[in-house]
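Student: what's the 3D shape of this:
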Amino acid sequence: MKTIAWLNLLLILSVGTGTIASVKAEETIWTKGKSFFKKFLPTSKGEFNYKDSTYRNSELGFAITIPADWRIIPPAESIVCRTIQKKFIDDYFLTATPGNMSEALLVLNVMSLDVDNFSPQAWPEYVNTTVRGRPIKINEEVELNGLKIRRLGYEGDNFYREDVYFKAGSRMMEIYFYVMNSPLKDKTIEDFRTVVNKGLRAL
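Tutor: Below you'll find the predicted structure:
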């Protein structure tokens, strides 16, 4: 049986100082008829600057700017969100919301999967495992502000989620947003997509 078990890079967002604190590499196992084991070396801390509302990671070579009026969510608060698990609370670079984090949230994290899993040959299987039969709205590979990204958007029972994957150094990054069903759902999706399209960039 095909299973995926992810233990991501551990990063702690220190909201009080605006910096990303401790970093620790973990091992990932992806079983698809055979096992893949990947050890990653620690990366640089990365930093969130409140003056320009931008997260930067010079070693991995990317940045993302979010609207200045969005709220950065401390890890202790973000566990109420449907896609944030308490046992992996330190696995996230950044979580932010324009309003109620239980209704709309943007998340940035490092993936512990090898970059080979995002090759043209492996991508279809990854998509099928991720969406699990849900309706796919977007599945594309494009250039975005100096980054080559894969974008996957799909509908859930009462939400929409859109994932953007890109290679940064030797790592695969993921930035995703989800929006719960509401009268403002379509507008909120477009607002999130605009933030990613304009704010995410290579350094």
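
Student: ok, Lys185 to Glu59 distance?
Tutor: 37 Å (CB to CB, to the nearest Å). For glycine as for every other residue, the C-beta is placed from the backbone atoms N, C-alpha and C.

Student: cool, and Tyr165?
Tutor: From Tyr165 across to Glu59, the span is 19 Å (CB to CB).

Student: Same check on Gly199?
Tutor: Distance, Gly199 to Glu59, using CB to CB: 19 Å.

Student: Looking at the two, which one has more neighbours?
Tutor: Comparing Gly199 with Glu59 by neighbour count (other CB atoms under 10 Å), the higher total belongs to Gly199, at 18 against 15.

Student: Regarding this protein, what is its longest helix?
Tutor: helix 185-199 (DSSP state H).

Student: excluding its backbone neighbours, what's nearest Leu94?
Tutor: Of all residues not flanking Leu94 in the chain, Leu108 sits nearest, at 4.2 Å (CB to CB, 6 or more residues apart in numbering).

Student: State the distance from Leu203 to Ser53.
Tutor: Leu203 is 16 Å from Ser53, where distance means CB to CB.

Student: Those two - which one has more neighbours?
Tutor: Ser53 (17 against 12).

Student: May I ask which helix or strand encompasses the residue nearest the centre of the chain?
Tutor: Nearest residue to the geometric centre of the chain (CA atoms, centre = their mean): Ile175, 2.7 Å. Following DSSP states H and E, one finds Ile175 within strand 171-180.

Student: Show me how far stretch 77-88 is from its chain's centre.
Tutor: Distance, stretch centre to chain centre, for stretch 77-88: 14 Å (CA atoms, centre = their mean, to the nearest Å).

Student: Please list the outside residues in contact with stretch 152-161.
Tutor: With CB atoms under 8 Å, 6 or more residues apart in numbering as the test, stretch 152-161 has contacts from 82-83, 127, 130-131, 134-139, 162-163, 165, 176-181, 185, 189.
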